[in-house]
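Trainee: here is my input; please provide its structure:
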Amino acid sequence: MENSTHDLKILAIDIGGSHIKATILDRAGTLIRDYERMETPVPADPANVLQVIRTLVQNFPEYDRVSVGFPGYVKQGIIKTAPNLGTEAWKDFNLEHELAKMLAKPTRVVNDADLQGVGVVSGKGLEMMITLGTGFGTALLQDGKLLPHLELSHHPVKKDKIYDDYIGEKAFQSKGDKIWNERIAEVIEILKTVFNYDHLYISGGNAKKINFKLDNNITVVNNRAGIKGGANLWKDDQPARVMQIEGGSNNSLY
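Mentor: Have a look, this model is predicted:
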């Protein structure tokens, strides 16, 4: 018998370019168990990713809902692009449906930056989340509600470079710490001008590599802080649905 809404247990899954991670949260977003992780398979096509998830969670305790963050453009649970996993294999794959069928639980799949954003924002004003990892992820929220998802990672930042290429992991490895930080500072100035956000949150594996002073309305957050979004997708047990379109001091929670 399923738990009451107040006692819901949520399986939160983070699909990344290098690892797939999972944990179980209570209704407030508190971790009930530590993360488990496995390497993202190669090739990272839907069948292989689903098999890794099945193996990863097979010994988990009972849960009632499933929340998934996916590194690509997601529309109503259906994958449209997956630049770091292989878009052709994922295009129009209904990950939400397939996971719900495999795990036999109600499931919601959203962009991974959107999931992080829902987990960390204050809920006041226009807030933006960016993730610095294999690529560049973004989410926008107004008073705590997700706004249409913009795939800024694919937007040109220079004549011959999109954001993923300009400040992603490959850029950090090839250009080094100094140039990468200069580029991050440049990108933040662009975001300030374009979005005029009230607060900016920065997450992802490379967020802690920022070595310059940030404005007072910018906060670097640990990836684990964003996992609360897995619970918030089921706030009041009403699934978060998002219309999506293509397209100071150094505050820190580390």
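Trainee: for residue 9, grab the count of nearby residues.
Mentor: Using other CB atoms under 10 Å, the number of residues around residue 9 comes to 20. For glycine as for every other residue, the C-beta is placed from the backbone atoms N, C-alpha and C.
Trainee: which residues does the closest residue to it other than its chain neighbours contact?
Mentor: Leaving aside its sequence neighbours, residue 9 sits nearest to residue 63 (CB to CB, 6 or more residues apart in numbering; 4.4 Å). With CB atoms under 8 Å, 6 or more residues apart in numbering as the criterion, the residues that contact residue 63 are 9-11, 24, 105.
Trainee: make a ChimeraX selection of the buried ones in these.
Mentor: Selecting just the buried residues from the contacts of residue 63 in ChimeraX takes one command, with 16 or more other CB atoms under 10 Å as the test:
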select :9,10,11,24,105
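Trainee: dump the contacts of residue 63 to CSV, plus secondary structure, distance to residue 215 and pLDDT.
Mentor: What follows is the contacts of residue 63, written out as CSV (DSSP: H, G, I helix; E, B strand; the rest coil; distance: CB to CB, whole Å; pLDDT from 0 to 100):
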residue, secondary structure, distance to residue 215, pLDDT
9, coil, 38, 96
10, strand, 33, 97
11, strand, 36, 97
24, strand, 36, 97
105, coil, 41, 97
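Trainee: related to what we said a few turns ago, which SS class is the residue nearest to residue 9?
Mentor: Secondary structure assignment for residue 63 (DSSP: H, G, I helix; E, B strand; the rest coil): coil.
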